[in-house]
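**Student:** For reference, the sequence and a predicted model appear below.
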Amino acid sequence: MKPATAAKKLDVYLPATPAEFREGLITRTALEALQADPPQWLRDLRANGPHPKNLVAGKLGISNSALVRGEITEALTTEQINALLEEMPEWLAAERALHVEVLREERRVRSLHGDRRRAREQAEAEAAAESDVEADPAE
């Protein structure tokens, strides 16, 4: 696979990886080996960064879009992320609150869809049971 795909699967920022990782193709076996027993460079990247945007957003408790709105366009290190969390600029506090609301609404909608699906399945099961009874003249 391409190095970009492997970096994404490893949750690391590709430009921060060693040149030999970026310049070659990575087999599935090599990827599995990196996941199972990460070398020091991979452990360091995961611990200290720089981190890809999706991980930065997750560590900050905001969406990827919120990073753009907050004008965070580059990968951040763990130290930079912690500094932002400590400082808690107004935009970050607002985006965190918005993200919590969005997640709450997504859970509510999923629950509503699940309730409707269960009700529909139950109605279908009851209708099937009734049609089985009507089809059986022995009863």
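**Tutor:** Perfect, I can see it now.
**Student:** rest of the way, CA atoms for contacts and neighbours
**Tutor:** OK.
**Student:** so what pLDDT did V133 get?
**Tutor:** Listed pLDDT for V133 reads 66.
**Student:** swap in I62?
**Tutor:** For I62, pLDDT reads 93.
**Student:** Count the neighbours of it for me.
**Tutor:** The local packing of I62 (other C-alpha atoms under 10 Å) involves 21 other residues.
**Student:** That one reaches H99, doesn't it?
**Tutor:** Yes. Using C-alpha atoms under 8 Å, I62 makes contact with H99 at a distance of 5.6 Å.
**Student:** would you list every one of the helices in this protein?
**Tutor:** Here the chain has its helices, by DSSP state H, at 3-10, 19-23, 28-36, 40-48, 53-60, 64-69, 78-87, 90-135.
**Student:** Could you say which of the ones you listed is packed most deeply?
**Tutor:** Comparing these by mean neighbour count (mean count of other C-alpha atoms under 10 Å), helix 53-60 comes out on top with a mean of 19.
**Student:** Distance across stretch 47-64, terminal residue to terminal residue?
**Tutor:** Stretch 47-64 has an end-to-end distance of 20 Å (C-alpha to C-alpha, to the nearest Å).
**Student:** Also stretch 1-21?
**Tutor:** Termini of stretch 1-21 sit 11 Å apart (C-alpha to C-alpha).
**Student:** Stretch 59-76 now?
**Tutor:** 11 Å.
**Student:** which other residues reach that stretch?
**Tutor:** 13, 49-54, 56-57, 81, 85, 91-92, 95-96, 99 (C-alpha atoms under 8 Å, 6 or more residues apart in numbering).
**Student:** same question, stretch 91-110
**Tutor:** Against stretch 91-110 from outside (C-alpha under 8 Å, 6+ apart): L60, G61, I62, S63, A66, G70.
**Student:** Flag the shaky bits of this structure, pLDDT-wise.
**Tutor:** Counting by pLDDT under 70, the chain has low-confidence residues at 133-139.
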